[in-house]
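A.B. asks: Need coordinates for the below:
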Amino acid sequence: MIDPALLRSGRFERVLHVPPPDSPSREAILAIHTEGMPLSTFSMKDVLGKMEGFTGADIEAVCREAALIAMRANKKKVTKTHFEEAIGRVRPTVTPEMLEYYDKMERNMTSGLSGIKRNAKDFGFGMESV
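C.D. replies: Sure thing, here's the model as predicted:
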């Protein structure tokens with residue numbers, strides 16, 4: 001949640017809505033955080049399917065938790081079961097309600113941009129991407 005006082009003019013130059021990563025992005029994030037981790041042979045696609053709505057930080061937490069679960073069990077490799085248990089312990093930090101709020105805020109904040117697009121050349125700066 002963002003305090004409305006922070007959104008008044010002059011506070012921030014830009015407000016960016018960064019949604020949770022899509023499936024290919026989650027796969028890339030998972031690859032980064034499991035690099036060098038001793039893994040048993042299993043399909044990461046099965047694990048990824050259970051991480052819909054997880055942010056990059058959430059995915060990192062799942063990887064860390066899976067490794068800790070394996071270490072506590074004195075296992076030399078992290079298995080699919082360890083990841084599934086970790087996913088059960090780590091909850092996504094962005095809820096569907098939060099996503100709806102951010103989408104609504106994005107629509108409200110960009111609804112007036114049509115007039116700006118029409119007159120962007122008059123300003124001559126910072127409007128190239130609008």
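A.B. asks: Checking T41 next. Helix, strand or coil?
C.D. replies: In three-state terms, and counting by DSSP: H, G, I helix; E, B strand; the rest coil, T41 is coil.
A.B. asks: give me phi/psi at it?
C.D. replies: T41 has phi and psi values of phi -80, psi 120 when expressed as degrees, to the nearest 10.
A.B. asks: Summarise which helices and strands the longest helix along the chain is packed against.
C.D. replies: The helix of greatest length in the chain, counted in residues with DSSP state H as the criterion, is given as helix 56-72. Taking 3 or more Cβ pairs under 8 Å, 6 or more residues apart in numbering; DSSP states H and E as the contact definition, the neighbouring helices and strands of helix 56-72 are helix 23-34, helix 80-89. Glycine gets a C-beta too; all of them are placed from N, C-alpha and C.
A.B. asks: got these as JSON lines, with mean neighbour count, distance to H17 and mean pLDDT columns?
C.D. replies: Converted to JSON lines, the helices and strands packed on helix 56-72 look like this (neighbours: other Cβ atoms under 10 Å; distance: least, Cβ to Cβ, whole Å; pLDDT from 0 to 100):
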{"stretch": "helix 23-34", "mean neighbour count": "16", "distance to H17": "15", "mean pLDDT": "95"}
{"stretch": "helix 80-89", "mean neighbour count": "18", "distance to H17": "25", "mean pLDDT": "97"}
